[in-house]
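Chemist: generate coordinates for the sequence data below:
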Amino acid sequence: MQIDARGLTCPKPVVLTLEALPKLGPEEFLEVLVNDEVAVGNLTRLAEEKNCELLVANKGRHTSMTFVPRGAVAPVASVVEAAAEICEVPAPEPVPETGDAVIAVGSDSMGRGSEELGRILIKGLIYALAHQERVPKTMLFFNSGARLTCAGSESLDDIRELEGRGTKILTCGTCLDYYGIRDKLGVGGVTNLYAIAEIIATEPDVVSL
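Modeler: The predicted structure follows:
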């Protein structure tokens, strides 16, 4: 098994490794690719803690770290808390305070002009929203914006992060059916135009993208 954690900073590489190690079968190993020196040190400590032989190879711009368990690795109750201990950083608060804003996302592209640039912008904005101190109260996804909450979306993990932090995620069912992607919905719930209209009419802070 291989995890490509290049470009990721701790505790993410440690979280991914903690999730993968218990899934290894007998005589299987896990290769983790990183390009962050802090991650190299933290993964080295993790290998010692989990009784794994560790093979480290410098590949130029990244480091290959291969975990070879000496026995079965038991899963942990919370990979986030376990990773925080390994990385010696505070564990994140489970449910930070939400704001009052309702974000209405009507497209999988942001702004007018280049569609390619628009998709980069919407991805970056959703990432930024997921990492604000206060996250939106609600996010509504409709028309082609419905694609953002479905399997294959590059923003799916960030929208899940928003949901985990307390944002209510709702996607238009009519839109999912129109694009034939209802079965691919990966986060949040399905809503309808009546519910969307009620939210827009009653909430004071609605921002349309």
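
Chemist: residue nearest the centroid of the protein?
Modeler: Using C-alpha atoms, centre = their mean, the residue of the chain that lies closest to the mean C-alpha position is Asp157, 2.8 Å off.

Chemist: in a strand, that's where that residue is, yeah?
Modeler: No: counting by DSSP: H, G, I helix; E, B strand; the rest coil, Asp157 is not found in a strand; it is helix.

Chemist: distance of it relative to Cys172?
Modeler: Distance of Asp157 to Cys172, given as C-beta to C-beta, to the nearest Å: 21 Å. Bear in mind the C-beta positions are built from the backbone N, C-alpha and C, glycine included.

Chemist: Gly189 too?
Modeler: Computed as C-beta to C-beta, the Gly189 to Cys172 distance reads 11 Å.

Chemist: neighbour-wise, which of these two wins?
Modeler: Per other C-beta atoms under 10 Å, whichever of Gly189 and Cys172 has more neighbours is Cys172, with 22 against 13.

Chemist: shouldn't that one be in contact with Phe141?
Modeler: Yes: using C-beta atoms under 8 Å, Cys172 is in contact with Phe141, at 6.7 Å.

Chemist: got a pLDDT number for Thr98?
Modeler: pLDDT, Thr98: 64.

Chemist: next one: Thr63
Modeler: 93.
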